[in-house]
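Asks: what's the 3D shape of this:
(one chain, ligands or ions: 1)
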Amino acid sequence: MGHNISEIEKRYRDTHSNSQLHFDRVRKVMPGGVKGAYHHLPFPITMDRGQGQYLWDADGNRYIDFVNHHSAQVLGHKHPAVREAIDKQLDRGIALGASMGNEVEMAEEMCRRVKSIDSIRFCNSGTEATLHAVRLAREFSGKTKIAKFEGGYHGNHDSVEISVAPPVDAAGPEHAPLAVAGVGGMGPSVLDSVVILPYDDEFAVERIVSEHAGELACIMLDPKAGIIPQRRDFIQAVADTARKNNLLLVFDEIVGFRVGTGGIQQYHGIEPDLSTYAKIIGGGFPVGAFAGRSDIMQLTDNSSGSARVFQSGTHSGHALVMAAGKATLDQLTSEAFAHMNSLTSRLCEGIQKEFDRVGFPGTAVNDGSVFSIYFTQEDVRNYRTLARCNRDLTLPIVLSMLNQGYFVSHNLVMNSLSLPTQVEDVDGFVNAFGSALEEVV
Ligand code: PMP
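Replies: Just a heads-up that it's a prediction; the model follows:
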């Protein structure tokens, strides 16, 4: 064991010179590079290509991919069924200014898989999906506020980018959290239109919701699969609170098809009024969707005049995306989930053993095939425990994992497996993590 942090960074710099060149170039024309969530010091990796569970970067280094494009690439890279669906679609054209028919197959598949969905509309990102779900909830209920959870992320629009990762000293008491703006530049009244709830505390949820029930349109719940795992009885209690107070329940399923064939709501045995989707259902392309009870979704129907909640979008329901998404869902059988879920549990158990062996406090959590690694001895169940985790070792561990050929997320949160991943890949990851811990502790 040793304090080899500068050695790890030196090795990273030495073996990623093309990534560094690319980053130096791109940041001159794009502030901070391509997007917020990929960045880490000293510079992020530029990837060249992917195949199955593997990635190769601009310097020719090979990785086993445990990021899978923010969890969206559930089949890994260049899956033949997805390639075939895309090729077929490309032959017909890319975007023809009218339905090309294949969105209906995707919509029928979603309705078949998820019991709570009567109908669905497609858009281009999870952000758009939650934006439209909130509008629908407001218009349907005639009420204006929404309740969301502290630490819950639902994308980049004003009504939800609140109390996502607030500084704890500005966030009020743990059991009665305050609304804190997530980013600068938000509209002036956004904080007044959101009520914040704590995860893992059904009594506080019931108390806060019943205080505000007269003005709340919905409870928006991200069950936080693989990030802040929630008790089933807590999720059930939130659903009961929504029903009891006559509020709509909106499930953010944007990471949902990582647990089972019917999404995370099936796993929890809950039928929400509305659900939002993205990531996996686009087969690697930009996508979003909101779906649910027909009497609510009906508000978007403009076929006999104007809709009460108009939703469109140049590329919404894009034929290529629908084709890739449907081909992806077709691969996601119960057997596929069983393979990925058992490997992810094996991985988390292995990581836990490495923490114990090296004698450093840490934990690995998963729901289905999404997993996160935290440096803490606490049970991570709500935002406040998450905020207390030690982050000093995150960067050196990430760089060491990259040096060893394992692609992990920049903060070790929301990593995921893909279907081609094998037991040797998982055991290799665990060994590499043990070596990384030894290097830095
Ligand atoms: N909700 C959840 C739970 C998410 O994880 C994300 C994206 N990570 C979003 C919403 C936003 O989706 P998108 O990035 O497609 O806008």
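
Asks: buried sites along the strand or helix carrying residue 238?
Replies: Here residue 238, judged by DSSP states H and E, is contained in helix 232-244. For helix 232-244, the buried set under the neighbour-count rule, 16 or more other C-beta atoms under 10 Å, comprises 234-235, 237-242. Backbone N, C-alpha and C define where each C-beta goes, glycine included.

Asks: For residue 130, grab phi and psi.
Replies: Dihedral pair for residue 130: phi -70, psi -30, per degrees, to the nearest 10.

Asks: give the contact list for the residue nearest to it when sequence neighbours are not counted.
Replies: Nearest non-adjacent residue to residue 130, counting by C-beta to C-beta, 6 or more residues apart in numbering: residue 154, 4.2 Å away. If you count contacts by C-beta atoms under 8 Å, 6 or more residues apart in numbering, residue 154 has them with 126-127, 130, 148, 160-161, 220, 222, 252, 254, 276.

Asks: so residue 277, which of the three states?
Replies: The three-state assignment at residue 277 reads strand, by DSSP: H, G, I helix; E, B strand; the rest coil.

Asks: Make residue 1 into 34 and carry on from there
Replies: In the new count, where the first residue is 34, that last one comes out as residue 310.

Asks: I'd like the distance between the closest residue to it other than its chain neighbours and the ligand.
Replies: Closest residue to residue 310 apart from its sequence neighbours, by C-beta to C-beta, 6+ apart: residue 322 at 4.2 Å. As judged by C-beta to the nearest ligand atom, to the nearest Å, residue 322 and the ligand stand 11 Å apart.

Asks: Repeat that for residue 386.
Replies: When residue 386 is compared with the ligand (using C-beta to the nearest ligand atom), they lie 29 Å apart.

Asks: contacting residues for the spatially most central residue of the chain?
Replies: In the chain, the C-alpha nearest the mean C-alpha coordinate belongs to residue 288, at 4.3 Å (C-alpha atoms, centre = their mean). Residues counted as contacts of residue 288 (C-beta under 8 Å, 6+ apart) are 104, 255, 258-259, 297, 312, 403, 447.

Asks: Out of the residues you listed, list just those in strands.
Replies: residue 403 (DSSP state E).

Asks: Restricting to the contacts of residue 288, which residues neighbour the ligand?
Replies: When C-beta under 6 Å from any ligand atom is applied, the members of these adjacent to the ligand are residue 255.

Asks: if we take the contacts of residue 288, which one ends up nearest to residue 232?
Replies: Nearest to residue 232, judged by C-beta to C-beta, of the contacts of residue 288 is residue 255 at 9.4 Å.

Asks: Look up the pLDDT of the residue in the stretch 334-474 of the chain that the ligand sits nearest to for me, please.
Replies: Nearest to the ligand, among the residues of the stretch 334-474 of the chain, is residue 447, at 7.2 Å (C-beta to the nearest ligand atom). On pLDDT, residue 447 comes in at 96.
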